[in-house]
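1. With the input below, show me the fold.
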Amino acid sequence: MSLFGTRRFRIWAFFVMLVALHQLLQKVLDIAVPFLDNYLDALLFLPIVLQLIEWERHYLFRQKNYKLGPTEVIIYFFVLSFVAEYLFPRWRAGFTADWWDVLCYAIGAVVFLIMPGSRISAGKREG
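-> A predicted model of the protein is given here:
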């Protein structure tokens, strides 16, 4: 089965379309949906980016069965949270530390880990 026919790809594409639609509403059409404006991007960031990392390893590095495990996902979560919610606000005034975003990143990490085809959902072990 090709990548584009998988359930995991369809879920990922849905997430990307949600973020794109939200950006269109917010930035182009100037339509505010406060909850989505504040949290949708943070919620879907990790599922989108982590899937891209898996595909990078699969296609560029030829690691055909590579799946990010919980440890790697947790590391990405902590690094992203530290950079986005601690360093960026100290670096530039336009960034705001929002600890609710950290919760959204955590939820996004869990969503990625339970998506169809993940190491956890497939019952695969490291090794």
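
2. which other helices and strands contact the helix or strand encompassing His58?
-> Using DSSP states H and E, His58 sits within helix 34-59. Here helix 34-59 touches helix 7-23, helix 70-82, helix 99-114, going by 3 or more Cβ pairs under 8 Å, 6 or more residues apart in numbering; DSSP states H and E. (C-beta placed from N, C-alpha, C; glycine too.)

3. Run the chain-centre distance for the last one.
-> Here the centre of mass of C-alpha atoms in helix 99-114, compared against the chain's by Cα atoms, centre = their mean, to the nearest Å, lies 8 Å away.

4. May I see the buried residues of it?
-> Across helix 99-114, burial judged by 16 or more other Cβ atoms under 10 Å covers Asp101, Val102, Cys104, Tyr105, Ala106, Ile107, Gly108, Ala109, Val110, Val111, Phe112, Leu113.

5. Please identify which of these is nearest to Leu40.
-> Using Cβ to Cβ, Cys104 is the member of those that lies nearest Leu40, at 8.4 Å.
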